[in-house]
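K.L.:
Curious how this folds, go ahead:
(chains A and B)
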Amino acid sequence: MNSPALISSHLSKCFQRDGRQAQALDKVSFALKPGRVTGLIGPDGAGKTTLMRLAAGLLLADEGELEVLGVDVRRHPLKVQSQVGYMPQRFGLYEDLSVQENLELYADLQNVPRSQRAARYDTLMQMTGLAPFTTRLAGRLSGGMKQKLGLACTLVRSPQLLLLDEPTVGVDPVSRRELWHIVYQQVQEAGMTVLLSTAYLDEAERCDEVILLHEGRMLGQGQPQTFSDEVNGRVFQVRIADPDVVDQSVRGLQAKLSHAPGVLDALIEGESVRLVMEEGTVAGADLLANETGLKIKPLAPHFEDAFVAKLKPHSEQSGKNPVLPVKAATGAASDEIIQVKDLVRRFGEFVAVNHVSFSVRRGEIFGLLGANGAGKSTTFRMLCGLLPASSGKLAVAGHDLRTAAARARSHIGYMAQKFSLYTNLSVIQNLRFFSSAYGLRNRQQRERLEWALSTFELEDYRDTNAGILPLGYRQRLSFAAALMHEPEILFLDEPTSGVDPLARREFWAWTNALAETGVTVLVTTHFMEEANYCDRLVIMAEGEVLAEGAPRDMKALARSSTIPDPSMEDAFIWLIENRKVAA
Amino acid sequence: MKAQHAARMRLLGVIRKESWQILRDPSSISIAFVMPVLLLFLFGYGVSLDASDIPLGIVIEQPDTLSHSLAGSFERSEFFKPYYFNAIQEAQQALDERKIDAVIWLRNNFSSSLLAGQEAPIGVIINGVDSNQANITQGYIQGVWLAWLTHFAEVQGQALPMPVALDQRVWFNAALSSRMFLVPGLVAIIMTLIGSLLTALVVAREWERGTMEALMVTPLRISEMLVGKLIPYFILGMGGMLFSVALAIWQFDVPLRGSFWLLILASALFMLVALLIGLLISIIAKNQFVAGQIAIIVTFLPAFILSGFLFDINSMPMIIQVITHIVPARYFVAILQTLFLAGDVWPVVLANMGALFLMLIFFFTLVWKKSRKRLE
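P.N.:
Model prediction:
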């Protein structure tokens, strides 16, 4: 049984989208080792889902061969489907059926003999921790529990090959850790082969092997370690040792370092900047030869460092950090520009936001961090005046949202998830529309349009439809549209969900540049490591704030002898577990 | 495990799941049982195609015994509600303001010309905006006029120059009550709603919520999925049908003159056609909104307008009459009206059932060809 579980050779798939050809997969070839967990790593649009669907027999390839468990999928899809377990991105749980009924349905469909069911259900419920909830309707489970139930349904008859399409996206870190645990248990106990896709690069390190996909092409296959090894000795941490000598914020330092010669990637990590250098460049110490007050030390590379180093040369993005003209500050930096006190929002019986309090200072980048369903978006909508609060106090730029929502809104720029632009309007038409929606006209409007086109370097794309802009430019256009009326506060709702690491870096570069001009930025994210970009943040779970503070303080909470240098994810898990203990 | 046993397990699994979902979803139950009540009461009590109490203006320029006698005839008729005017101008104004629908004009020479045996002694003006209503009104006025004239002739002792005497008899719906004719047709509308709209919505919902994708990557065959979905909705639809028939018979006193079992058989046939159309729509439209819109436009509206339930097919323009042949509800409405009001008229019932059967085969083939366990 050492033959590969899946063999793909020169697999290609093309889709017709908006009248254009989109190459979802381009001559992808690989083989899956049996009894291993292989990660399919890549951002949205890399072709992960297409590959999964092809393997599950849900799509037909344009070219190439695909053999699953020794069977040609094209010719015998049903045979493959009775041997693999497949969990699509949004797993099909029937929300109006109970946990037990969902299991029963899949047991029937998978032809699990009745005599074996009771034992199997027990095992699965123990494993997923859902045993106390078997009679609960699936729709009433939390996001993490739903995902675990989905996995249990997929595993109800132990498949030989398990295909998991982004099982951990938007799931809280604790459930994520449990999901991984279940997956490895299956591999060890049942000798299952697992193909798992993810957009979280940190999860690559948990796989036995990874396949890197980008824009339909395969960038490589191997153990995660071999990828990281490629950038070994090229990753450094730079921190400001002497604040008296260096008159610069970490953000400023990051912006500066990203322009330095030989630097591939510069990333803010708490109080320091993480650098990835080009191959064969000078050692780190030389880089800072004529800088004083800075300290540099080598770091062990992460998978993400290797990923960025691999992608950067292919990238069309300029990578240069934007600089925006600083606007005269309109208030003292210590002003609390957003105040939230005891905010509650109920939907019927369900409390989506439960006594949430925090405050944001002028010019800060403030984050709301949490899994899907934590109450981030609901809080956001109330702050924008789109949703009335059930109770509590909400003030934005000195205006009470209960009495002066419209006036408060004129101080706010809002960028919704997935850059909501009119895809069939051109760049200039989008800008013109958004500016007139904010009441700009005549000379004022013309000036702002000019400003937007030049600041965000959109002149070349002036008459291009927003739908076919490269992602980086689409982000810029969204920023420009949200900033037409010169708001003091910018709200960003999950702006980086599913965006590739390079576009994400560019996005944060723009956000940093904006914050430097004095604009206050409020951002939601479910990427734990993005908390590092924030000055301060709150961590939310199940509608409640677990902690408020600077990223450094949060991480300090989780520091222990076993975790001397905790990540934001460690901090999150620590907070959730300690909350459980307290409760 | 034997293949047959495995297939039965999967099929039962789907049926059980669909049944749980129907029982827990208030909207399915209400489309099957609340909608019939609503529609039956609306059409049974609210809508009537019969004319009664038509506001009628009567202009009497020279009051005398004869003109009063004629006015009295209109007064006694249940179809009319007379209003009196002294001059034609006043009556015309009332007609313009839509206070009255028709005018009877008795000129000052009415009595003398009548007695002299001259023609057209009365003038009639009818509001023709609603041509159907105008026809009915005209008929009723003629009826009253003829009856009065016959009576007048008898009194005068002179025979009226009328070559043929009409002896009318209305069959099947002797009271000419539109309710008798609307209520059976409504059963077809209700079953179209349950069969096509509900099925289109629930299958589209599976696409929308991503449950279909998970179902597809199981050993479930496409035939098992189709049958597993059809059976529970078939039962629900037949339940709605029986409920509507019971309401029709006991609440609206519509007689069921034909065979009950023939009615069940024909309904089952129509139900299957409706369900298959619903499935077909949901295969094409993978979200609930579009599926709902298509179902309304493709099944509900034609069933309402082109089935002969409300509007007579024979009075439609030729091209529309041809189009009605592709509306399944047309055949079922014909069967329903026959079975309820006329009885087991085999030629009519068999011909229409044959047409439904052909449609069943057509849509079945189409659904079979279109449904694949694939996403594109």
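K.L.:
Touching, residue A:154 and residue A:161? I think so.
P.N.:
No. Look at residue A:154 against residue A:161 with CB atoms under 8 Å: they stay out of range, at 11.1 Å. Heads up, the C-betas are built off the backbone N, CA and C, glycines and all.
K.L.:
anything in contact with each of these two?
P.N.:
Taking CB atoms under 8 Å, 6 or more residues apart in numbering or on different chains as the criterion, residue A:154 and residue A:161 both touch residue A:85.
K.L.:
what number of residues lie near the closest residue to chain A within the stretch 51-200 of chain B?
P.N.:
For the stretch 51-200 of chain B, the residue closest to chain A is residue B:198, as judged by CB to the nearest CB, at 15.2 Å. By other CB atoms under 10 Å in any protein chain shown, 25 other residues sit near residue B:198.
K.L.:
Who's the closest spatial neighbour of it, skipping the chain neighbours?
P.N.:
residue B:31 (5.4 Å; CB to CB, 6 or more residues apart in numbering or on different chains).
K.L.:
which element is the one you found on?
P.N.:
If you go by DSSP states H and E, residue B:31 is part of helix B:26-41.
K.L.:
pLDDT on that helix, on average?
P.N.:
Averaged over helix B:26-41, pLDDT sits at 85.
K.L.:
Kindly confirm my reading that residue A:439 is in a strand.
P.N.:
No. Counting by DSSP: H, G, I helix; E, B strand; the rest coil, residue A:439 falls outside a strand, being coil.
K.L.:
measure the nearest residue to it once chain neighbours are set aside to residue A:436 for me?
P.N.:
Leaving aside its sequence neighbours, residue A:439 sits nearest to residue A:485 (CB to CB, 6+ apart; 7.4 Å). Going from residue A:485 to residue A:436 by CB to CB, to the nearest Å gives 10 Å.
K.L.:
middle-most residue in chain A, spatially?
P.N.:
Per CA atoms, centre = their mean, the C-alpha nearest to the average position across chain A is that of residue A:497, at 4.0 Å.
K.L.:
And that residue, how close does it get to residue A:380?
P.N.:
Distance of residue A:497 to residue A:380, computed by CB to CB: 14 Å.
K.L.:
and what of residue A:260?
P.N.:
36 Å.
K.L.:
neighbour count winner among those two?
P.N.:
Shown here are residue A:260 and residue A:380; by other CB under 10 Å, residue A:380 has more neighbours (21 against 14).
K.L.:
How confident is the prediction for residue 75, by pLDDT?
P.N.:
No chain in the question, so chain A it is. Looking at residue A:75, its pLDDT stands at 91.
K.L.:
ah, I was thinking of chain B
P.N.:
Residue B:75 carries a pLDDT score of 88 in this model.
K.L.:
buried ones in the helix or strand in which residue B:228 is found?
P.N.:
Using DSSP H and E, residue B:228 falls within helix B:222-246. Within helix B:222-246, the residues that qualify as buried are B:224-226, B:228-238, B:240-241, B:243-245, counting by 16 or more other CB atoms under 10 Å in any protein chain shown.
K.L.:
Off-centre distance for that helix?
P.N.:
On the basis of CA atoms, centre = their mean, to the nearest Å, helix B:222-246 is displaced by 23 Å from the centre of the chain it belongs to.
K.L.:
what packs against that helix?
P.N.:
Contact partners of helix B:222-246 among helices and strands, from 3 or more CB pairs under 8 Å, 6 or more residues apart in numbering or on different chains; DSSP states H and E: helix B:3-24, helix B:26-41, helix B:178-192, helix B:199-208, helix B:260-284.
K.L.:
got those as JSON lines, with mean neighbour count columns?
P.N.:
Output for the helices and strands packed on helix B:222-246, formatted as JSON lines (neighbours: other CB atoms under 10 Å in any protein chain shown):
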{"stretch": "helix B:3-24", "mean neighbour count": "17"}
{"stretch": "helix B:26-41", "mean neighbour count": "17"}
{"stretch": "helix B:178-192", "mean neighbour count": "24"}
{"stretch": "helix B:199-208", "mean neighbour count": "23"}
{"stretch": "helix B:260-284", "mean neighbour count": "22"}
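K.L.:
Would you mind saying which of the ones you listed lies nearest residue A:521?
P.N.:
helix B:199-208 (34.1 Å; CB to CB).
K.L.:
And the contacts of the closest one?
P.N.:
Helix B:199-208 has contacts (CB under 8 Å, 6+ apart) with A:92, B:18, B:21, B:28, B:212, B:215, B:229, B:233, B:274-275, B:278-279, B:281-283, B:285-288, B:290-292, B:294-295.
K.L.:
Where does the prediction get shaky in chain B?
P.N.:
Flagging of chain B using pLDDT under 70 yields the residue ranges B:1, B:48-51, B:119-121, B:158-177.
K.L.:
what residues does it put near chain A?
P.N.:
B:1, B:6, B:9-10, B:12-14, B:16-17, B:20-21, B:24-25, B:206, B:209-221, B:373-376 (CB under 8 Å from any CB of the partner chain).
K.L.:
can you give me the strands for the stretch 101-250 of chain A?
P.N.:
Per DSSP state E, counting those that start in this stretch, the stretch 101-250 of chain A carries strands over the ranges A:161-165, A:193-198, A:209-214, A:217-222, A:235-240.
K.L.:
Measure how buried residue 69 is and give me the count.
P.N.:
Defaulting to chain A. 20.
K.L.:
hm, I was asking about chain B
P.N.:
Residue B:69, neighbours per other CB under 10 Å, totals 13.
K.L.:
you'd agree it is up against residue B:147?
P.N.:
No. Using CB under 8 Å, residue B:69 is not in contact with residue B:147, being 11.8 Å away.
K.L.:
Quickly list what's touching both of the two.
P.N.:
Counting by CB under 8 Å, 6+ apart, nothing touches both residue B:69 and residue B:147.
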